[in-house]
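>>> Provide a 3D model corresponding to the input given below.
(one chain, ligands or ions: 1)
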Amino acid sequence: MEPLERYRPIVDDFEAFLDACERPLGNAVRVNTIKASVDRATTVLEEEGVGYEGVDWNPRVLRLETDSPGSTWSSFHGFTHGQEEVSAVPATVLEPEPGERVWDCCAAPGGKATQLAALMDDRGTVVANDSNLGRISALRFNAERLGATSLAVTNDDARNYSLERFDFDEFDRALVDAPCSCEGTIRKNPDALDGWSEGYLDEVSGIQKGVLGRAVQATREGGTVVYSTCTFAPEENEAVVQHALDREDCRIVDFDLELEHSPGLTEWNDEEYDDHLEQTARIYPHQNDTGGFFVAKLEVTA
Ligand SMILES: C[S@@+](CC[C@H](N)C(=O)[O-])C[C@H]1O[C@@H](n2cnc3c(N)ncnc32)[C@H](O)[C@@H]1O
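Numbering: from 1, shown residues only. Next up is the predicted model:
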């Protein structure tokens, strides 16, 4: 827990935050509306005796009373997909429309890419890219099980991603669910902070800045880019968004999120950030009994 001490000055009710980080996280699923309505999925869960509870902010997310959400019939049928509750936030904030071209820059194993396809009624194109070949098979497996036929899978470094392979030259929207130090996953993975170092934050923030920059460049004027991580470190969150604001044609836009959260930071250590960073969302584990996440929404301006 030691690295989390650095967030004492910025987290309201820090002791409650630390307590929540020490509690194991319950399981959640997203209903895959490509294959089943929420009614159909919950009927199947009831028939197999799996208890569930809805959440206020998203009708497609259910908290499950089972230790193995991937071993239910509803999961085998592709009616549900095991996905952490907060992990369903970024695709919801991106608001993709049916028929659009959407780039999921860091997509494996595909929780958010398949969620994007579902939000688009599986119409249009979700280019699901990941640089790690070993994780691509899980992405393909999930896309197939969930019936997401609008997914096109690519295996490249998003930082210098070429669109030459496509018959279009820009996306309508992009999601950067970046590799990160994963501090916010501590409830699911108690070893998440092993090996934590400031050096790693520097290293991974370089990758994050490169991917977010490329996502903005590859998205059309007026299009939307969402940047998310499952970590608390400002070096990987606000500082990365500020880097894009300083170098790319984009601005921060506000968004509604009916899940309790805190505003993004406008300063950290000696750094000052644009005031609009307050319109980004920091979701802490004690606020909604979830994992931790950071989400920012950008509009491309040229
Ligand atoms: C947080 S995970 C993505 C989770 C995924 N969005 C989901 O919802 O299932 C981050 C991913 O970024 C990938 N990655 C790391 N560096 C990358 C890069 N330069 N370009 C593309 N993908 C990258 C990693 O292989 C990893 O799968």
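
>>> helices and strands around the longest helix seen in the chain, which ones?
Using DSSP state H, we find that the single longest helix of the chain is helix 198-217. Counting contacts by 3 or more CB pairs under 8 Å, 6 or more residues apart in numbering; DSSP states H and E, helix 198-217 is packed against strand 171-177, strand 219-229, helix 238-247. C-beta here means a position set from N, CA and C on the backbone, and glycine is covered the same way.

>>> how about those in TSV, adding distance to the ligand?
Output for the helices and strands packed on helix 198-217, formatted as TSV (distance: least, CB to the nearest ligand atom, whole Å):
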stretch	distance to the ligand
strand 171-177	4
strand 219-229	7
helix 238-247	13
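
>>> before we move on, the earlier item: touching the ligand at all, the longest helix of the chain?
Yes: counting by CB under 6 Å from any ligand atom, the ligand is contacted by helix 198-217 at 207, 211.

>>> Skipping its backbone neighbours, what lies nearest residue 264 in space?
Spatially, and ignoring its direct neighbours in sequence, residue 264 is nearest to residue 280 (3.3 Å; CB to CB, 6 or more residues apart in numbering).

>>> and the one you found, how many neighbours?
A count of nearby residues for residue 280, using other CB atoms under 10 Å, gives 25.

>>> Residue 244 versus that one, what's the distance?
Per CB to CB, to the nearest Å, residue 280 is found 12 Å from residue 244.

>>> Check residue 105 too.
To residue 244, residue 105 is 13 Å away according to CB to CB.

>>> Settle it for me: which of the two has more neighbours?
More neighbours surround residue 105 than the other of residue 105 and residue 244, with 27 against 23 (other CB under 10 Å).

>>> ok, and the closest non-adjacent residue to that one?
Nearest residue to residue 105 in three dimensions, chain neighbours excluded: residue 158, at 4.0 Å (CB to CB, 6+ apart).

>>> tell me the contacts of the one you found?
Counting by CB atoms under 8 Å, 6 or more residues apart in numbering, residue 158 makes contact with 105, 106, 129, 131, 176, 210, 211, 214, 215.
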